[in-house]
Structures are given as structure tokens and as C-alpha cells.
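*Asks:* sequence unknown, structure follows:
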């Protein structure tokens with residue numbers, strides 16, 4: 001599911017951009033140097049735990065049940081596509097960069113990092129499911145409903161576009 005990859009990438013890029021802007025303008029960094037090791041350890045641990053939980057069948061956390069229950073995409077020739085740099089997605093990048101640059105607090109970095117890494121965990125779980133089943137997951141609109149997950153037929157050659 002490309003939207004998960006893009007959302008994670010944009011939030012994490014926003015954190016890096018806000019951090020670089022703060023340091024580049026001679027302001028205090030968002031995280032003290034002594035706490036940087038703890039932050040990196042937290043980030044790696046959170047990513048591993050998030051990915052394992054998202055790739056499970058746990059009721060409210062796991063995504064496998066949702067992937068398996070997904071309906072077949074109605075028109076596999078014209079697959080749904082959402083722009084990576086739509087206003088909402090670009091807002092993720094700008095908002096996270098602005099929060100890190102303006103607030104410059106460890107707490108805001110931890111929260112944004114957790115959100116970005118959770119999306120990354122969801123993306124990794126979805127990619128693993130796609131590779132194991134030979135199906136491609138899509139986020140598709142339904143008439144009168146919110147966006148929902150659908151999948152391509154088994155064995156369909158995934159297009160990477």
C-alpha cells in the first residue's frame with residue numbers, strides 16, 4: 001500500500017527537515033546530544049514492535065485479518081491511485097517539519113517519530129502480505145463510504161506505478 005510508505009516517508013523527512021533547519025539556524029536541537037542514543041534505541045525498538053504487531057492477527061492492532069478480508073479490486077486494469085504529494089500528504093511533511101523546528105522539544109520528536117514509524121510498520125506488514133500471497137493491496141474509494149482496502153487477483157503482475 002503505497003500511501004503507507006509515502007506517509008511514513010513524509011513524516012520522517014519532515015522530522016529530519018525540521019531538525020536540520022533548527023540546527024542550521026543555530027537554534028538548540030530538538031533532542032539533547034545525550035538523549036540521542038536513547039531516541040535511536042526507542043525508534044528501532046518501536047519500529048520492530050510496531051511491525052510485528054501490525055503483521056499479526058491481533059484484533060485491534062494486527063492488519064492481517066483486514067488484508068485477508070479485503071474485497072477484490074473492481075477494475076484491475078484501472079487501479080486506484082492517490083497522489084503522493086497531494087495537499088494532505090504534503091501537509092504531513094510541512095506540519096511535522098514545522099512542529100520540530102518551532103517547538104524543538106524531545107516530546108514532539110518522539111510523538112512524530114512514533115506516528116511515522118507506525119506507518120512504516122504498517123507498510124512493511126502490507127508488503128510482506130503482498131509478497132506472500134502474490135496479490136497487490138490498494139486503497140480504493142467506495143460509493144458513499146470512506147476509503148477501504150481492496151486487492152488485485154492472485155498472480156496478477158503488480159505494476160509499480
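*Replies:* Received it, and whenever you're ready, just let me know what you need. Here the structure is a predicted model, which is why all the values come from computation and not from measurement.

*Asks:* contacts and neighbour counts: CA atoms only from here.
*Replies:* OK.

*Asks:* buried ones in the longest helix along the chain?
*Replies:* Using DSSP state H, we find that the single longest helix of the chain is helix 106-133. Residues of helix 106-133 classed as buried by neighbour count (16 or more other C-alpha atoms under 10 Å): 106, 108-110, 112-127, 129-130.

*Asks:* Would you mind measuring from the residue positioned nearest the centre of the chain to residue 24?
*Replies:* Centroid-nearest residue in the chain: residue 119, 2.7 Å away (criterion: C-alpha atoms, centre = their mean). Distance, residue 119 to residue 24, by C-alpha to C-alpha, to the nearest Å: 28 Å.

*Asks:* Then residue 135?
*Replies:* 45 Å.

*Asks:* Between the two, tell me which one has more neighbours.
*Replies:* residue 135 (20 against 11; other C-alpha atoms under 10 Å).

*Asks:* Can you tell me the element the more buried one falls in?
*Replies:* Assigned by DSSP states H and E, residue 135 falls within no helix or strand.

*Asks:* need the contact list for the residue nearest to it when sequence neighbours are not counted.
*Replies:* If the residues on either side of it in the chain are set aside, residue 135 comes closest to residue 154, at 4.9 Å by C-alpha to C-alpha, 6 or more residues apart in numbering. By C-alpha atoms under 8 Å, 6 or more residues apart in numbering, the contact set of residue 154 is 133-135.

*Asks:* Could you dump those residues into a markdown table with pLDDT and distance to residue 57 added?
*Replies:* Shown next, in a markdown table, are the contacts of residue 154 (pLDDT from 0 to 100; distance: C-alpha to C-alpha, whole Å):
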| residue | pLDDT | distance to residue 57 |
| --- | --- | --- |
| 133 | 91 | 16 |
| 134 | 89 | 19 |
| 135 | 89 | 18 |
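
*Asks:* For burial, what's the neighbour tally of residue 31?
*Replies:* Residues within reach of residue 31, counting by other C-alpha under 10 Å, total 18.

*Asks:* do the same with the one 4 residues further on
*Replies:* By the criterion of other C-alpha under 10 Å, residue 35 has 10 neighbours.

*Asks:* Could you do residue 92 as well?
*Replies:* 22.

*Asks:* and residue 46, what does it touch?
*Replies:* 114, 117-118.

*Asks:* and the next helix or strand after the longest helix of the chain, which strands flank it?
*Replies:* Following helix 106-133 in sequence order, the next helix or strand is strand 137-140 (DSSP H and E). Partners of strand 137-140 in the sheet, by DSSP bridges, are strand 148-151 (antiparallel).

*Asks:* Sounds good, over and out.
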